[in-house]
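J.: Take a look and give me a structure for this.
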Amino acid sequence: MSIRPLVMSVLLLLPPFSVAQTADPATRELIERLLSRIDTLEKRVAQLEGSAPRPAAIAPAPFAPAPIAHTHDQPPMPDAAQPSYPSLKLAGFSDFNFAATDLQGPSNGFGTQTMLNPHTGFQEGQFALHLSSALSPKVSVFGELSVTARSDAGTGSPPATGFNAELERLIVRYDLNDYFKLSFGRYHTPINYWNTAYHHGQWLQTTVSRPEMTQFGGSFIPVHFVGMLVEGAAPAGGLNLNYNAGLGNGRGQVISRGGDIGDINNHRAWLANVFVKPDRLYGLQVGGSVYRDKINPLGGAPVREWIESAHIVWQKETPEFIGEFANVTHQPVGGGPSVHSQAFYAQTAYRLPDPARLWKPYYRFEYMHIPQADALFRSVPSFASSTVGVRYDISSFAAFKLEYRNYSRRNLPSINGAFLQTSFTF
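T.: The predicted model follows:
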């Protein structure tokens, strides 16, 4: 901006007696000197502006896939200066799928979410809503609701609804400190890695579908747990030791469901889970769990159940690795030999370097062995499976996934299938 017009405007606004004085030769000389000085200053400013380097335009940052940090189920932190409670945060997840398989008959134990069926076509995935709220600096609540399309919609009398609504998780937690946190509610049972790292939101995980041993609606492990949980973490000399210990209702009469309305017997289920995340190997997690319950299944003899599991995980994307093993032991209450069922999977993936960093190819091998003598698991499949696929992140909050799977089943024809999914969060 030029200074001369500003000075002239001030002079014009001077009172009349001042303007009248401009006839004085001394005053006119003073004004001329001021205007000359202004001209000199304006030229100097122009020279300085011309020699100064212009700031470079800021290029837009390249798109980077959002890391899977699993903060979606953490309550928002209120403003420390002016905290306000409750403070609510919402997050949503959903997906749409296309499946084509050569399955000619029933899936023989595979859950609906594996998308193994004799019909080719599109499928609407789960709609999941996460609600988290801080009630005070040390008290928080988390809830997870899901809506799932029904295969029997419109049938029966009265006609079945088109969707099932389910309360997947509801937890109130008291954080005394980092070493001790107490909570009550309905959980995803913390007896392995996948079941607590990836919840009802397919966008969270690399692959289209969960491993069968952790599949929602499956029976191999108790996916849900109703009761109380104590958890915490300690530095432990750089090992970062984490623990969970729980007491609750365990499985219901339908063993794929938790005891939502109470325990079916007077024997509480309990669990213990321990894992480390060493500082020197950032991204590594190694741990193990044990679970104990007594089950009174619908239409079957009661059994005592032991589950031991272990996992090793490299949580980065170059590469990503997840491996888990679980052994389930069933011992009849009335006496008889114990039976042992095992399952494991190993999954690896790799985020490609620039300029192809939006692509993430992956491979997973699964194995599940159910002895024919295990009456409680008579509907659980025995198989070996290979899955190969690729994930493409179309934004930080949406992805395409394409994968091929092959299942080799015991005493049954193998299954091949191709699956396409778009998953997103909002």
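J.: The stretch 251-400 of the chain: strands as residue ranges?
T.: According to DSSP state E, counting those that start in this stretch, the stretch 251-400 of the chain carries its strands in the segments 269-276, 284-295, 303-314, 320-332, 339-349, 359-369, 383-395, 398-409.
J.: To clarify, my last question referred to the stretch 1-150 of the chain.
T.: 87-101, 121-124, 127-136, 139-149.
J.: and these as a markdown table, adding mean pLDDT and distance to Ser256?
T.: Where C-beta positions appear, they are placed from N, C-alpha and C, glycine not excepted. Formatted as a markdown table, the strands of the stretch 1-150 of the chain follow (pLDDT from 0 to 100; distance: least, C-beta to C-beta, whole Å):
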| stretch | mean pLDDT | distance to Ser256 |
| --- | --- | --- |
| strand 87-101 | 95 | 21 |
| strand 121-124 | 93 | 20 |
| strand 127-136 | 96 | 18 |
| strand 139-149 | 96 | 14 |
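J.: Any chance of CSV for the strands of the stretch 251-400 of the chain, columns mean neighbour count?
T.: Putting those into CSV (neighbours: other C-beta atoms under 10 Å) gives the following:
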stretch, mean neighbour count
strand 269-276, 20
strand 284-295, 19
strand 303-314, 19
strand 320-332, 19
strand 339-349, 19
strand 359-369, 18
strand 383-395, 18
strand 398-409, 18
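J.: what about the strands of the stretch 1-150 of the chain, which gets the closest to Ala399?
T.: Distance to Ala399, taken as C-beta to C-beta, is lowest for strand 87-101 among the strands of the stretch 1-150 of the chain, at 9.3 Å.
J.: Report the distance from the closest one to the chain centre.
T.: In this view, strand 87-101 has its centroid 11 Å away from the chain centroid, taken as C-alpha atoms, centre = their mean, to the nearest Å.
J.: and of the strands of the stretch 251-400 of the chain, who's closest to Leu204?
T.: Closest approach to Leu204 among the strands of the stretch 251-400 of the chain is made by strand 398-409 (10.2 Å; C-beta to C-beta).
J.: got the angle for the closest one vs strand 87-101?
T.: 50 degrees (axes from the mean of the first three to the mean of the last three C-alpha atoms, to 10 degrees).
J.: Would you mind listing where the stretch 51-200 of the chain has pLDDT under the threshold?
T.: Counting by pLDDT under 70, the stretch 51-200 of the chain shows low-confidence ranges at 51-72, 77-81.
J.: so can I have JSON lines of the strands of the stretch 1-150 of the chain showing mean neighbour count?
T.: JSON lines is the format used below for the strands of the stretch 1-150 of the chain (neighbours: other C-beta under 10 Å):
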{"stretch": "strand 87-101", "mean neighbour count": "17"}
{"stretch": "strand 121-124", "mean neighbour count": "12"}
{"stretch": "strand 127-136", "mean neighbour count": "19"}
{"stretch": "strand 139-149", "mean neighbour count": "19"}
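J.: Kindly reformat those strands as JSON lines containing distance to Asp279.
T.: JSON lines is the format used below for the strands of the stretch 1-150 of the chain (distance: least, C-beta to C-beta, whole Å):
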{"stretch": "strand 87-101", "distance to Asp279": "29"}
{"stretch": "strand 121-124", "distance to Asp279": "43"}
{"stretch": "strand 127-136", "distance to Asp279": "28"}
{"stretch": "strand 139-149", "distance to Asp279": "27"}
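J.: Which one of those lies nearest to Glu320?
T.: Ranking these by proximity to Glu320 (C-beta to C-beta) places strand 87-101 first, at 19.7 Å.
J.: Alpha carbons only: can I get the closest one in CSV?
T.: Output of strand 87-101 as CSV, limited to C-alpha atoms (Å, rounded to 0.1, in the frame of the first residue of the first chain):
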residue,chain,number,x,y,z
SER,A,87,-18.6,-36.3,25.7
LEU,A,88,-19.9,-38.6,23.0
LYS,A,89,-18.0,-39.8,19.9
LEU,A,90,-19.6,-41.8,17.1
ALA,A,91,-18.0,-44.0,14.4
GLY,A,92,-19.6,-46.2,11.8
PHE,A,93,-18.5,-49.1,9.6
SER,A,94,-20.1,-51.0,6.8
ASP,A,95,-19.3,-53.0,3.7
PHE,A,96,-20.8,-54.4,0.5
ASN,A,97,-19.7,-57.7,-1.0
PHE,A,98,-19.8,-59.9,-4.1
ALA,A,99,-19.2,-63.6,-3.9
ALA,A,100,-18.9,-66.4,-6.5
THR,A,101,-18.1,-70.0,-5.4
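J.: what is the orientation angle of that strand with strand 127-136?
T.: Counting by the same axes, to 10 degrees, strand 87-101 lies at 160 degrees to strand 127-136.
J.: Quick check: bridge partners of Gly288?
T.: Judged by DSSP bridges, the bridge partners of Gly288 are Val274, Ala310.
J.: those helices in the stretch 51-200 of the chain, which residues are they?
T.: 194-197 (DSSP state H, counting those that start in this stretch).
J.: just to revisit the earlier point, mind checking which of the strands of the stretch 251-400 of the chain is nearest Gly237?
T.: Short answer: strand 269-276, nearest of the strands of the stretch 251-400 of the chain by C-beta to C-beta, at 10.3 Å.
J.: For that closest one, enumerate the helices and strands it packs against.
T.: Other elements packing on strand 269-276 under the criterion 3 or more C-beta pairs under 8 Å, 6 or more residues apart in numbering; DSSP states H and E are strand 224-234, strand 241-248, strand 284-295.
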